[in-house]
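>>> got a sequence here, can you model it:
(one chain, ligands or ions: 1)
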Amino acid sequence: MLASPEAARFVLVTHAHLFKPTYPKSKERLIGPHALFFHRGGYHARLRRLVQNSLAPQTIKKLIPDIQGIAVSTLESWAASGQGVNTFYEMKKLSFDVGILSIFGHMERGFREMLEENYRKVDKGYNSFPTNIPGTAYQQAILARKRLNRILGEIISSRTEKRLLEKDMLGHFLSFKDENDKKLSDEQIADNIIGVLFAAQDTTASVITWVLKFLHDDPQLLEAVKAEQMAIYDTNNGGKMPLTWEQTRSMPLTHRVVMESLRMASIISFTFREAVVDVEYKGYLIPKGWKVMPLFRNIHHNPEFFPNPQEFDPSRFEVAPKANTFMPFGNGVHACPGNELAKLEALILIHHLVTNFRYLFIYMILLDVLKLCLRF
Ligand code: HEM
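Sure, this is the predicted structure:
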C-alpha cells in the first residue's frame, strides 16, 4: 500500500511500464475484456486517444445545452413529485444520461430504453457474489451483458447502414483504422462503450451527491455559491439564455467547492496495479505478480499536504495543491479522460439547483443523502 505522493507517482507515472492494471476476472467479464482500462501498451494507447478526443473540451462544450436539458428536467421532476428523492440514485440517472449523450449523441428512444434496462442489471450484479447459478444477481448481470452486446450490435449496424459520420464517441470508434488499416471489432467497441458508461456513472453521481451534502452543511458557503451563480443567472436574462462554456469556466468558488468535495470524499479511494517484473522501490522489493495499491484517500487526507484535512474548506484550492498530492482522477497513462465532463456536469447541476430552488428543498434532499450515508 502506497500512501506517499512519490510512491504513487513511481507506480502510476514514472515506472508505469513495470505495472499492469488488474481487476477480478468476474468484473472483467461483466464490463467486457476489451475495455481500455484492462489493457496497456499499443491497444490501450489507441483506444485511449479515441476516448480522450471524444471527451476533450472542444467536444464536450457542444454538449452543454443537452446537459442543461438533462439537469433541468431532473430538477423539475423532483419539484413535480413533491416528495423526498434519493439524491444518489437521481444523480446516477443524470450521469447515465450524460454518458449516453457523450457516446451516442441523440439516440432513438427504443434503443435508449433497452440499453438502460439491461445496463441496470449489469450494475446491480457488479458487486454481487460472482456465482453463475441461475437466479443470482451475478448470473442476471451476465445475461443482461450478453443482451447489451446484441443491442449495441444493432445500433452499430443501423449507424453503418445510414452511413452517419457523427463526431461522438461511437463515431470515433467506427471510423478508427490502425496502421494496418484494421478496424475495431463490434465486440471491442461494445466493451469500451460499457466500460466508459461504467467509469462515468457512479463516480460522477457520488461526487455531485457529496457536493450537495457539503453545501447543506455550510449555509454561509451555500449563500456565497448562490450569489456567484445568481450573477450568471442575471446576466443570462433570469436564466432564459443557456449557460455558455465560458461561464462554466468562470465559477471560481463553485469550482473550488467541487474540488474540495473530490478531495474530502475521494470517491476512488485507491487503485490497483500488478508488478509485471520484480521491482525495487527505495530498497523494498515488490515481487513480480504482487499487487500494489496507490492510496489516493490517504494522500488527500494527509495534514502535511492538506492542513486540517477533515475540515471542508474550498479556500484551500485558492492555491494549487503541491504536485502529485491531489489525484481524484488518478495520474499517468490511465488518468481519467472524463474529468472535464464530470466537473462540467457538477457545475451545471449546481447552477440550476441553487438558482431555482430554495434551501429548504436542498435540506429535504440532504435528508436522503444522510440516509444513504447511514446505509453504508
Ligand atoms: C467525478 C467523477 C470521476 C472520477 C472521480 C473518476 C476517477 C477516475 C480515476 C481515479 C481513474 C484512474 C483509475 C486507475 O488509474 O486505475 C479513472 C479512469 C477512467 N475514467 Fe474516470 N472518473 C470520473 C468520471 C468519469 C467520466 C465522466 C468518464 C467518461 C465519460 C470517465 C471515464 C474513465 C475512463 C474511460 C477511465 C480509464 C482510463 C484508462 O485506463 O486509460 N470517468 N477515472
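>>> for the ligand, what are the nearby residues on the chain?
Those residues of the chain that sit near the ligand, judged by C-beta under 6 Å from any ligand atom, are 21, 36-37, 48, 51, 55, 99, 102, 195-196, 199-200, 203-204, 207, 267-268, 271, 328-330, 334-338, 341-342. Backbone N, C-alpha and C define where each C-beta goes, glycine included.
>>> so among the residues you listed, which ones count as buried?
Buried members of these, counted by 16 or more other C-beta atoms under 10 Å: 21, 36-37, 48, 51, 55, 99, 102, 195-196, 199-200, 203-204, 207, 267-268, 271, 328-330, 334, 336-338, 341-342.
>>> in whichever strand or helix holds residue 211, what counts as buried?
Element membership for residue 211, per DSSP states H and E: helix 186-217. The neighbour-count check on helix 186-217 (16+ other C-beta under 10 Å) flags 186, 188-216 as buried.
>>> same check, this time on stretch 276-293
Buried-residue list, stretch 276-293, by 16+ other C-beta under 10 Å: 279, 281, 286, 292-293.
>>> return the alpha-carbon coordinates of that stretch using CSV.
The C-alpha coordinates for stretch 276-293 follow below in CSV (Å, rounded to 0.1, in the frame of the first residue of the first chain):
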residue,chain,number,x,y,z
VAL,A,276,5.0,-7.4,-14.2
VAL,A,277,8.6,-7.9,-13.1
ASP,A,278,10.4,-7.7,-9.8
VAL,A,279,10.5,-4.0,-8.9
GLU,A,280,12.7,-2.3,-6.4
TYR,A,281,11.5,0.9,-4.7
LYS,A,282,13.6,2.7,-2.2
GLY,A,283,15.3,-0.6,-1.1
TYR,A,284,12.0,-2.5,-0.9
LEU,A,285,11.3,-5.4,-3.3
ILE,A,286,7.9,-5.6,-4.9
PRO,A,287,7.9,-9.2,-6.3
LYS,A,288,6.6,-9.9,-9.8
GLY,A,289,2.8,-10.7,-9.6
TRP,A,290,2.3,-8.7,-6.4
LYS,A,291,-0.5,-6.2,-6.2
VAL,A,292,0.3,-2.5,-5.5
MET,A,293,-2.3,0.0,-4.2
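>>> mind listing residues that contact it?
1-2, 7, 10-11, 15, 18-20, 22, 270-275 (C-beta atoms under 8 Å, 6 or more residues apart in numbering).
>>> list the residues that contact the residue in the chain that the ligand sits nearest to.
Closest residue of the chain to the ligand, C-beta to the nearest ligand atom: residue 338 (2.1 Å). Contacts for residue 338 (C-beta under 8 Å, 6+ apart) come out as 55, 196, 199-200, 204.
>>> hang on, the earlier thing: next structured bit after the helix holding residue 211?
Remark: after helix 186-217, the chain's next helix or strand is helix 219-235, criterion DSSP H and E.
>>> can you count the residues close to residue 153?
Per other C-beta atoms under 10 Å, the neighbour tally for residue 153 reads 14.
>>> also residue 131?
10.
>>> what's the distance between it and residue 137?
The gap separating residue 131 from residue 137 is 9 Å, by C-beta to C-beta, to the nearest Å.
>>> mind listing which of the residues of the chain next to the ligand are in helices?
48, 51, 99, 102, 195-196, 199-200, 203-204, 207, 341-342 (DSSP state H).
>>> out of these, what pair is the most spread apart?
Using C-beta to C-beta, the two most remote members of these are 48 and 207, lying 22.1 Å apart.
>>> so which of the ones in helices among the residues of the chain next to the ligand is the closest to residue 354?
Nearest to residue 354 among those: residue 207, at 16.5 Å, using C-beta to C-beta.
>>> give me the buried entries from the contacts of stretch 276-293.
Among the contacts of stretch 276-293, those buried by neighbour count (16+ other C-beta under 10 Å) are 2, 7, 10-11, 18-20, 270-271, 273, 275.
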